[in-house]
Structure formats: C-alpha cells, structure tokens
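J.: Quick one, fold the following:
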Amino acid sequence: MSLGVVRGLITLVLLACFVMLVIRTWSRRHSREFDAAARLPLEDSLSPASTASGTETDARSPRS
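T.: Numbering: from 1, shown residues only. From the prediction side, this is the model:
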C-alpha cells in the first residue's frame, strides 16, 4: 500500500464519520434531547424556595 492509498482510505473513513454525524444530528428521533440541551443555559439552577430562605450561597460572593 502506498502512502496515497492510506491517505485516501483515512479521508474516506473520516468523510463517512462526518456524514453519519450530520445524519444523527438532524434526525427527528434525537430532536427532544437536543431541544432540552439547548434550554439548559436558560434555566435557573436555584429554586425560589431555596433563595428565599437563604440556604443557597452564591459561589461568587466572598465567604465570611
């Protein structure tokens, strides 16, 4: 096998992996998972009950 054939086979395998990744990403079967992951940064991590009672501490505030 020459170096050109090996490089061509590697390119073909990587292209097939890319095509499979694109198909998986755009499939309707996984849309719920991706929608849920897209909403994660927008959700609050603290519930209103824990912030009202003051049990949660903010990691950015200095500790006394």
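J.: from here on, contacts and neighbour counts on C-alpha atoms
T.: Fine.
J.: and the residue nearest the centre of the chain, what element?
T.: Central residue of the chain (CA atoms, centre = their mean): Ala37, 6.7 Å from the mean position. Using DSSP states H and E, Ala37 falls within helix 31-39.
J.: Just give the number of residues close to Glu43.
T.: A count of nearby residues for Glu43, using other CA atoms under 10 Å, gives 7.
J.: List phi and psi for it.
T.: Main-chain torsions, Glu43, degrees, to the nearest 10: phi -80, psi 150.
J.: quick one: average confidence on whichever helix in the chain runs longest?
T.: Secondary structure of the chain per DSSP state H: the longest helix is helix 3-25. The average pLDDT for helix 3-25 rounds to 96.
J.: the inter-axis angle of that helix versus helix 31-39?
T.: Here the directions of helix 3-25 and helix 31-39 differ by 90 degrees (axes from the mean of the first three to the mean of the last three CA atoms, to 10 degrees).
J.: For helix 3-25, buried residues please.
T.: Across helix 3-25, burial judged by 16 or more other CA atoms under 10 Å covers no residue at all.
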